[in-house]
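> The following comprises the amino acid sequence and a computationally predicted model.
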Amino acid sequence: MKDPYEVLNMPEDSQFDALESRYNELRSQYGEERFLPGEQGAEGARKLTELEDAWRVISEKKKEQDEIEKYGTGYSSVEQLVKDKKYDEAQARLDAMGYRDAEWHYYQALVFYKREWMSDCYSQLKEAARLDPENVKYKDALAKMTQKMANAQTPPEQLGEQRQGMQGNAAGNCLSSCCQMLCCMECLTLPFRCCG
């Protein structure tokens, strides 16, 4: 592909507004030329396609520069993007990094957590803690995630066992108590069903 600034016939250090104005001018010109007969029309269509490709590259570069100005670079930018709920952009920023250190895995876990991909989050936190076992932030996050995962996978028959501060029989297994009550009700009403 041709250099995008060469396609616009503008220097690379031109202001974005000037580039955009030139793009609009050429788009209008090539848009009309593509309807000319024969080779002139084909050349206009080719130049228009080339111009659109060049503009896409320039626009993406501008967007990246704007994001760097707003969010900075590195992990602080990922953190800010997550705070702004821009998870796709945060993921793209992580994917663009050429290294995978403990902090990378921590921020990858953060993105997964916000997307509610808990098992992926857990795996990334484990890797962060493995790569930097002395880091308190990673260890605490892993401990909290381990607890969250354990609570999410608690079998229904154990739900009542976690209830604290209750008196007498109420402190037992909630699910079991409900089932026992239903069985007792069933037994009590059986003699009256045949008399109805």
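Ah, there it is.
> so how far is residue 12 from residue 75?
29 Å (C-beta to C-beta, to the nearest Å). Where you see a C-beta, it was placed from the backbone N, CA and C, and this is true even at glycine.
> out of those two, which sits in the more crowded spot?
Between residue 75 and residue 12, counted using other C-beta atoms under 10 Å, residue 75 has the larger neighbour count: 17 against 12.
> Report pLDDT for that one.
Looking at residue 75, its pLDDT stands at 87.
> isn't it right next to residue 102, touching?
No. Judged on C-beta atoms under 8 Å, residue 75 makes no contact with residue 102 at a distance of 11.1 Å.
> Show the low-confidence segments of the protein, by residue range.
Scanning the chain for pLDDT under 70 picks out the ranges 70-73, 152-196.
> Any buried residues in the helix ranked longest in it, and which?
In the chain, taking DSSP state H as the definition, the longest helix is helix 38-71. The neighbour-count check on helix 38-71 (16 or more other C-beta atoms under 10 Å) flags 44, 45, 47, 48, 50, 51, 54, 55, 58, 67, 71 as buried.
> Which single one of those is nearest to residue 16?
The closest of the buried residues of helix 38-71 to residue 16 turns out to be residue 58 (C-beta to C-beta; 8.0 Å).
> Check which residues of stretch 21-28 are buried.
22, 23, 26.
> And it, how far out from the chain middle?
Centroid displacement of stretch 21-28 relative to its chain, using C-alpha atoms, centre = their mean, to the nearest Å, is 36 Å.
> Restrict that stretch to CA atoms and write it as CSV.
The C-alpha coordinates for stretch 21-28 follow below in CSV (Å, rounded to 0.1, in the frame of the first residue of the first chain):
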residue,chain,number,x,y,z
SER,A,21,-10.0,18.9,4.2
ARG,A,22,-7.7,17.5,1.5
TYR,A,23,-9.3,14.1,1.9
ASN,A,24,-12.8,15.5,1.3
GLU,A,25,-11.5,17.5,-1.7
LEU,A,26,-9.9,14.5,-3.4
ARG,A,27,-12.9,12.2,-2.5
SER,A,28,-15.2,14.6,-4.3
